[in-house]
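Visitor: compute the structure for the input listed below.
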Amino acid sequence: MSLLETRDVVVDFPTSEGRSIRAVDHVSISLEPGETLGIVGESGCGKSTLARAILQLVRPTSGSVLLKDLELTGLKGRELRSLRKQMQMVFQDPRGCLDPRMSVGALLTEPLRVHKLGASGGRKHRAQEMLERIGLDSRFMSRRPADMSGGQQQRVAIGRALITNPELVICDEPVSALDVSIQAQVINLLGELQRDLGVALIFIAHDLAVVRHISDRVAVMYLGRIVEEGPTDELFQNPRHPYTQGLIASIPQADSDARIRLQNAQRLAAGDLPSLLDPPSGCAYRTRCAYVQESCSTNVPLLREVPKTAQRVACDLWEEIQANEQLDTRRH
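Guide: Residues are numbered from 1 along each chain as shown. Next comes the predicted model:
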């Protein structure tokens, strides 16, 4: 049994003109206990909205979200609150989610108090233990967020999310607001905590190098849909979808072929993300795809399994594209 499963989740937002924006478009993913699923894509592709729909912070327009086979989309009030301790979130900017008036000790014990976990005396001890786990000493118990660096604040946000012993934590761009020198420390901390606590992670980012480091599997989103998904090493070594190929080709490399890689990335992902108010017909990626054909304007590609692999790809032309690329490689 999967820990988490979404089935055809759709999230629409109404506009003032009486129209709607489809931010998440029939997304189906699964997550096993203790696994890390990375979700990548450009800004505006629906990653954060999907995360909030999973946690019911945004209600899906249609589809199902199941936590250990329990349907979440119909839950309200007390029933939903009772499950919050099992699924938590780490947001991008800790300054926006840590109450500046509260001390670190109060921030860490608040989830325990809200969910009535442990006696009042034991909650402080639990908070001190969590401080040690996140690499901060007991002196931080009396500090407030304004007295800490961004990296220290994010450590507290991570500790706050983990203190109820959740089974699932969603990390929404958790290091993008931090200095590069601090990002690796926070990523390594998340990896250590996951191994120690056995928690499953959904890690949302646009930095593919970070996602590759921490994830077991990766799902690539484009304009609200999953266009490719599979084990991390397999997906990075042999991406099938042109959009995934463009993203991977754009990863900075310290080699003599950097210029060629950049040219490939620009060729595979030219132009800007289309408007969600007026998305392309057929394949949403066709307006930027170097391999587009006439059929792409009418056929909506489904996410299908790639034979003899654990990958899935939503592109009707991926086999033809791969065959042409292999031919070009042999010619050169």
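
Visitor: what secondary structure does residue 218 sit in?
Guide: Under DSSP: H, G, I helix; E, B strand; the rest coil, residue 218 falls in the strand class.

Visitor: bridging residues for it?
Guide: Legend: beta-bridge partners of residue 218 under DSSP bridges are residue 38, residue 230.

Visitor: quick one, what contacts it?
Guide: Residue 218 sits next to 37, 38, 39, 40, 211, 212, 229, 230, 231, 232, 235, 236 when contact means C-beta atoms under 8 Å, 6 or more residues apart in numbering. For glycine as for every other residue, the C-beta is placed from the backbone atoms N, C-alpha and C.

Visitor: ok, and the closest non-adjacent residue to residue 320?
Guide: Once flanking residues are discounted, residue 320 sits nearest to residue 291: 7.8 Å by C-beta to C-beta, 6 or more residues apart in numbering.

Visitor: how much space separates the one you found from residue 316?
Guide: 10 Å (C-beta to C-beta, to the nearest Å).

Visitor: and for residue 324?
Guide: 15 Å.

Visitor: so those two - more neighbours on which side?
Guide: residue 316 (17 against 12; other C-beta atoms under 10 Å).

Visitor: which residues touch the closest residue to that one other than its chain neighbours?
Guide: For residue 316, ignoring the flanking residues on the chain, the nearest one in space by C-beta to C-beta, 6+ apart is residue 301 at 4.9 Å. Going by C-beta under 8 Å, 6+ apart, residue 301 touches 283, 314, 315, 316.

Visitor: now do the strands in the stretch 51-200 of the chain.
Guide: Counting by DSSP state E, counting those that start in this stretch, the stretch 51-200 of the chain has strands at residues 62-67, 70-71, 87-90, 168-172, 200-205.

Visitor: quick one: which of the contacts of residue 301 is most hemmed in?
Guide: residue 283 (26 neighbours).

Visitor: for residue 42, report the pLDDT, please.
Guide: pLDDT recorded at residue 42 is 90.

Visitor: start to end distance for stretch 142-154?
Guide: 17 Å (C-alpha to C-alpha, to the nearest Å).

Visitor: use 52 as the first number from now on
Guide: Shifting the count to begin at 52 puts that one at stretch 193-205.

Visitor: neighbouring contacts of it?
Guide: By C-beta under 8 Å, 6+ apart, stretch 193-205 touches 141, 145-146, 149-156, 158, 187, 191, 207, 225-226, 228-230, 233, 236-237.

Visitor: touching, residue 185 and residue 212? I think so.
Guide: No - using C-beta atoms under 8 Å, residue 185 is not in contact with residue 212; the gap is 10.4 Å.

Visitor: if we can go back for a sec, out of the contacts of stretch 193-205, which end up buried?
Guide: Buried members of the contacts of stretch 193-205, scored by 16 or more other C-beta atoms under 10 Å, are 141, 145, 149, 154-156, 158, 187, 191, 207, 225-226, 228-229, 233, 236-237.

Visitor: mind checking which of those land in helices?
Guide: 155, 156, 158, 207, 233, 236, 237 (DSSP state H).

Visitor: convert stretch 161-173 to PDB, retaining C-alpha atoms only.
Guide: The C-alpha trace of stretch 161-173 is given here as PDB (Å, rounded to 0.1, in the frame of the first residue of the first chain):
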ATOM      1  CA  GLU A 161       3.100  24.700  19.500                       C
ATOM      2  CA  PRO A 162       2.400  21.800  17.100                       C
ATOM      3  CA  LEU A 163       2.600  19.400  20.100                       C
ATOM      4  CA  ARG A 164       0.200  21.500  22.000                       C
ATOM      5  CA  VAL A 165      -2.200  21.900  19.100                       C
ATOM      6  CA  HIS A 166      -2.300  18.200  18.500                       C
ATOM      7  CA  LYS A 167      -2.300  17.300  22.200                       C
ATOM      8  CA  LEU A 168       0.900  15.300  21.900                       C
ATOM      9  CA  GLY A 169       2.700  14.600  25.200                       C
ATOM     10  CA  ALA A 170       2.400  16.400  28.600                       C
ATOM     11  CA  SER A 171       3.200  20.000  28.900                       C
ATOM     12  CA  GLY A 172       6.500  19.300  30.700                       C
ATOM     13  CA  GLY A 173       7.600  16.800  28.100                       C
END
